[in-house]
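Student: here is my input, please return the structure:
(one chain, ligands or ions: 2)
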Amino acid sequence: MKVAKFGGSSLADAGQLQKVKDIIQADKDRKYIVVSAPGKGVNNNHKVTDLLAMCHQLSDHDLNFNEVYKIIEDVYKNIADDLGLAIDIDSILADVKEEITNGASYDFVISRGEFMSAQVLASFIGYDFVDAKDLIFFNEGILNLEKSQENIKNILSKHDRAVIPGFYGQEDGDVKTFSRGGSDVTGSVIASAMDAQIYENFTDVSGFLVADPRIVKNPCPIETITYKELRELSYMGANVLHEEAIFPLRDKNIPINIKNTNAPAKAGTLIVSNSDIKNKRILTGITGKKDFTSITLEKVNMNNEKDFFRKLTTVFESNDISIEHMPSGIDTVSVLVADSYITPKLKKVLEELQIYLNVDSISWERDISLIAVVGRGMKKEKGVSSRTFTALAKEGVNVKMISQGSSEINIIIGVETCDFEKAIRAIYDEFYGSKQD
Ligand SMILES: Nc1ncnc2c1ncn2[C@@H]1O[C@H](COP(=O)(O)OP(=O)(O)O)[C@@H](O)[C@H]1O
Ligand SMILES: N[C@@H](CC(=O)OP(=O)(O)O)C(=O)O
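Tutor: Ligands and ions are numbered 1, 2, ... in the order given. Model (predicted):
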């Protein structure tokens, strides 16, 4: 039995839904189908989830949200009309609108895209609709995997074939969503609970690519990638698969296959646990994230102060700020933190660092981006760093920070945000372009 998840781009309009139906019907093992809300398509420029978030915001401020909701209505009505569906989409849409008007919670509102998508697809392919609210459970905002798996097994065993909305579940009876892109996690939890032979994740690219196709033109696809590599890449910005989608499957050794709804015959990317599977290349992938701030502290003999680093991390912890990286020298240490955490608290944090650590100087720099160069092949290969940094130097990229994980499968490089795309292209060209390894 297979679990297949279809992302928003695969559900954007009737044409895409027809492709989804063909894919499902081509393999009778595709029994449990997880869907996202419609994404951007030929006729719609916005993701339904974004539009729902907008409706919630307007309604929350007692503003009229009819115009925005009309765009959502058109998406579903066009699909239902074009496919000649028997479901009463008008009344489903009217119910959701009423709930928004009556002050439904943010999570509830943004989950309705998936709720409606799943009903539309279930009606189109003749599968049962099973609400994710009865399957996925959260505890203090965090997925309760065991409870969810137990419920999924119990409930889905009564359905031979079903379509399930992704992205949400419940906590104490209230709808609760994963973070954005979370339908991938729903699919993964269902595949693990049902001991699927494979979890197929259908999107709009033919698998995981070595680099973001919006940055590198026609990047090579990755044939196989290990869970560890994928985790590094997903966490660091390659958003094809949600970073949390790996955990439920890893323990059970269930492979994930990233495939393209628009080109289903292509093999896509197989994500496996076995790191012995050879990759012909040294580097598996290159990705990155923007919007970091680097705070640099200088203090002579800092390393001899036994409690220096504890005090340093305490300042960030007490301000509820996660530290991304902390490269250090003998008398200096830099702390890299996401702008989303530090921006509102920068002045306060700088003051506290000065008082608590009594440093000689503090400086900070905005507009830092982090680039992750990931590959299990890097462990055994010499000269990867030298090739990477030479490529960056040739393009005039100023490297701000370097950090290598102890697993030796990744190097993180800090660059100025204005060099972000250039740096990714330079590394890609060095290892995959004309001067390939
Ligand atoms: N390394 C990468 N490989 C493939 N796609 C990538 C990569 N990095 C970023 N992307 C982007 O991820 C998109 C697919 O993810 P997403 O938009 O979440 O799809 P879906 O809506 O199908 O879930 C692709 O269209 C591509 O633009
Ligand atoms: N619709 C949600 C959940 C999701 O996973 O969507 P997609 O599969 O299109 O990335 C979002 O936009 O975040």
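Student: ok, the residue of the stretch 51-200 of the chain found nearest ligand 1 - contacts?
Tutor: Among the residues of the stretch 51-200 of the chain, Gly181 lies closest to ligand 1, at 5.3 Å counting by Cβ to the nearest ligand atom. Yep, even glycine has a C-beta here, placed from its N, CA and C like the rest. Gly181 makes contact with Asn239, His242 under the criterion Cβ atoms under 8 Å, 6 or more residues apart in numbering.
Student: do you know the pLDDT at it?
Tutor: Per-residue pLDDT puts Gly181 at 95.
Student: got phi/psi on it?
Tutor: Gly181 has phi and psi values of phi 80, psi 10 when expressed as degrees, to the nearest 10.
Student: over to Gly182?
Tutor: For Gly182, the backbone dihedrals (degrees, to the nearest 10) come out as phi -70, psi 0.
Student: you'd agree it is up against Gly166?
Tutor: Yes. Between Gly182 and Gly166 there is a contact under Cβ atoms under 8 Å: 6.9 Å.
Student: more crowded one of these two?
Tutor: Gly166 (33 against 22; other Cβ atoms under 10 Å).
Student: can you map out the helices along the stretch 151-300 of the chain?
Tutor: In the stretch 151-300 of the chain, the helices defined using DSSP state H, counting those that start in this stretch lie at 183-193, 227-235, 247-250.
Student: so which of these is nearest ligand 2?
Tutor: helix 183-193 (3.3 Å).
Student: in the stretch 1-150 of the chain, which residue sits nearest ligand 2?
Tutor: Counting by Cβ to the nearest ligand atom, the stretch 1-150 of the chain gets nearest ligand 2 through Gly8, at 2.8 Å.
Student: just the pLDDT for that residue.
Tutor: Taking Gly8 on its own, its pLDDT is 96.
Student: and it, how many neighbours?
Tutor: As a burial measure, Gly8 scores 26 neighbours (other Cβ under 10 Å).
Student: list the contacts for it?
Tutor: Ser36, Ala37, Pro38, Gly39, Lys40, Lys47, Val48, Thr49.
Student: restrict the helix or strand where Ala122 lies to CA atoms and write it as CSV.
Tutor: Per DSSP states H and E, Ala122 falls inside helix 106-125. Taking C-alpha atoms only, helix 106-125 is exported to CSV below (Å, rounded to 0.1, in the frame of the first residue of the first chain):
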residue,chain,number,x,y,z
TYR,A,106,-6.7,31.6,12.6
ASP,A,107,-5.7,27.9,12.5
PHE,A,108,-9.3,26.8,11.8
VAL,A,109,-9.6,29.3,8.9
ILE,A,110,-6.3,28.6,7.2
SER,A,111,-7.1,24.8,7.4
ARG,A,112,-10.2,25.1,5.3
GLY,A,113,-8.3,25.1,2.0
GLU,A,114,-7.3,21.5,2.6
PHE,A,115,-10.7,20.6,4.1
MET,A,116,-12.4,21.7,0.9
SER,A,117,-9.7,20.3,-1.5
ALA,A,118,-10.0,16.8,0.1
GLN,A,119,-13.8,16.7,-0.4
VAL,A,120,-13.5,17.9,-4.0
LEU,A,121,-10.9,15.2,-4.8
ALA,A,122,-12.7,12.4,-2.9
SER,A,123,-15.9,13.1,-4.9
PHE,A,124,-13.9,13.2,-8.2
ILE,A,125,-12.1,9.8,-7.7
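Student: just the angle between it and helix 183-193, please?
Tutor: Here helix 106-125 runs at an angle of 70 degrees relative to helix 183-193 (axes from the mean of the first three to the mean of the last three Cα atoms, to 10 degrees).
Student: please see if helix 106-125 touches ligand 1.
Tutor: No. Using Cβ under 6 Å from any ligand atom, helix 106-125 stays clear of ligand 1, coming no nearer than 11.5 Å.
Student: tell me the contacts of the closest residue to ligand 1 within the chain?
Tutor: At 2.0 Å from ligand 1, Gly7 is the closest residue in the chain, using Cβ to the nearest ligand atom. Counting by Cβ under 8 Å, 6+ apart, Gly7 makes contact with Ser36, Gly39, Ser183, Asp184, Asn201, Phe202, Thr203, Asp204, Thr261.
Student: the fourth one contacts Ile190, correct?
Tutor: Translated: Asp184. No. If you go by Cβ under 8 Å, Asp184 and Ile190 don't touch, sitting 11.1 Å apart.
Student: please name the residues that touch Glu305.
Tutor: Contacts of Glu305 by Cβ under 8 Å, 6+ apart are Lys299.
Student: so it versus ligand 2, what's the distance?
Tutor: Distance of Glu305 to ligand 2, computed by Cβ to the nearest ligand atom, to the nearest Å: 45 Å.
Student: pLDDT score assigned to that residue?
Tutor: 87.
Student: same deal with the one 10 residues further on?
Tutor: Turning to Val315, the model gives it a pLDDT of 96.
Student: in contact with it, which residues?
Tutor: Going by Cβ under 8 Å, 6+ apart, Val315 touches Val349, Glu352, Leu353, Tyr356, Leu357.
Student: count the neighbours of the last one for me.
Tutor: What that stands for is Leu357. 21.
Student: can you tell me which residues contact it?
Tutor: Leu297, Lys299, Phe308, Lys311, Leu312, Val315.
Student: dump the contacts of Val315 to TSV, plus pLDDT and secondary structure.
Tutor: Shown next, in TSV, are those (pLDDT from 0 to 100; DSSP: H, G, I helix; E, B strand; the rest coil):
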residue	pLDDT	secondary structure
Val349	96	helix
Glu352	96	helix
Leu353	95	helix
Tyr356	93	helix
Leu357	93	helix
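Student: can you list the residues of the stretch 151-300 of the chain near ligand 2?
Tutor: So the stretch 151-300 of the chain meets ligand 2 at Gly166, Phe167, Arg180, Gly181, Gly182, Ser183, Asp184 (Cβ under 6 Å from any ligand atom).
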